[in-house]
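Chemist: below is the structure, and that's it, no one-letter string:
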């Protein structure tokens with residue numbers, strides 16, 4: 001009997017302690033649940049025409065990490081056609097929709113490095129930041145997203161001359177000395193308004209990008225680039241413009257490329273035509289393109305952009 005009473009007393013005491021601790025445990029659990037999820041690390045999307053055969057890209061990344069060790073750096077491309085501002089502009093146009101507001105894009109396609117061209121930071125109306133030379137790289141992004149504000153980079157504390165980096169400013173490597181440190185400062189959360197004086201958005205340098213035109217004769221545009229190593233032709237004709245010609249999938253389409261004429265199949269994807277046969281298709285960015293199924297259209301037809309392209313209206 002005594003043993004039973006002892007057991008009952010122990011269980012009663014345990015229950016009292018457990019119940020008294022329960023509110024504190026629930027409060028603790030609620031506090032944990034109320035906490036916001038951990039924020040993603042700041043992101044810099046980095047693009048250059050430097051290539052990867054030397055140390056240039058790694059040096060720029062080192063400057064960024066020195067200022068912001070926890071930053072996440074995404075390499076958009078370092079194989080942009082050398083000096084091709086248009087290629088840089090279209091890669092930015094293609095990539096920016098897939099990154100959130102607050103992302104910093106550091107872009108160094110800069111044939112005018114060391115000249116009077118301005119180094120700038122721009123903020124788009126989508127809330128993304130662009131650290132780059134003012135040479136037209138923002139043209140396509142501005143046309144789609146709009147630019148909210150622009151500032152010229154003049155504050156030496158934000159460049160390689162700053163306390164953390166403490167280097168000497170070069171006249172030929174602004175990717176290291178200006179664009180990389182400024183991108184890291186913005187990613188770190190520093191007030192970008194301190195980078196330098198404001199520039200009117202209307203004064204930005206813009207590329208003279210000609211739009212495709214449709215008239216009674218047909219659709220005229222331009223082959224503006226090649227798609228990577230495959231030799232596919234990228235045009236400035238969008239899918240909506242092409243749809244106005246009334247072509248249906250599987251139709252044979254006559255395409256004039258400068259002074260040569262090619263007959264191709266309008267297809268949904270490469271394998272819709274036989275091996276080594278040409279096709280016309282809408283690419284992943286919504287533009288008309290030309291390819292050869294498992295072949296190289298540019299080499300086969302000896303096409304080097306820029307080249308005019310014309311698709312006549314079908315005769316009835």
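Modeler: Nice, I can see it. Everything numeric in this text was worked out from a predicted model, so none of it was measured.
Chemist: what residues of stretch 43-54 count as buried?
Modeler: Residues 43, 44, 45, 46, 47, 48, 49, 50 are the ones in stretch 43-54 that count as buried (16 or more other Cβ atoms under 10 Å). In this view, the C-beta of every residue, glycine as well, is placed from N, C-alpha and C.
Chemist: so which of those residues belong to strands?
Modeler: Counting by DSSP state E, those place 43, 44, 45, 46, 47, 48 in strands.
Chemist: between the residues you listed, which is nearest residue 127?
Modeler: residue 43 (12.9 Å; Cβ to Cβ).
Chemist: quick check: beta-bridge partners of that closest one?
Modeler: Beta-bridge pairing for residue 43 (DSSP bridges): residue 72.
Chemist: can you map out the helices along the stretch 1-150 of the chain?
Modeler: Ranges of helices in the stretch 1-150 of the chain, per DSSP state H, counting those that start in this stretch, are 2-34, 56-67, 85-95, 139-145.
Chemist: with pLDDT added, can I get the buried residues of stretch 43-54 in CSV?
Modeler: What follows is these, written out as CSV (pLDDT from 0 to 100):
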residue, pLDDT
43, 97
44, 98
45, 98
46, 98
47, 98
48, 98
49, 97
50, 97
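Chemist: show me where this protein dips below the pLDDT cut-off.
Modeler: 1-40, 315-316 (pLDDT under 70).
Chemist: which residue is nearest the centroid of it?
Modeler: residue 95 (3.0 Å; Cα atoms, centre = their mean).
Chemist: residue contacts, that one?
Modeler: Applying Cβ atoms under 8 Å, 6 or more residues apart in numbering to residue 95 gives the contacts 45, 76.
Chemist: state the distance from it to residue 128.
Modeler: Plainly put, residue 95 is 10 Å away from residue 128 if you go by Cβ to Cβ, to the nearest Å.
Chemist: shared neighbours, the two?
Modeler: What both residue 95 and residue 128 touch, as defined by Cβ under 8 Å, 6+ apart, is an empty set.
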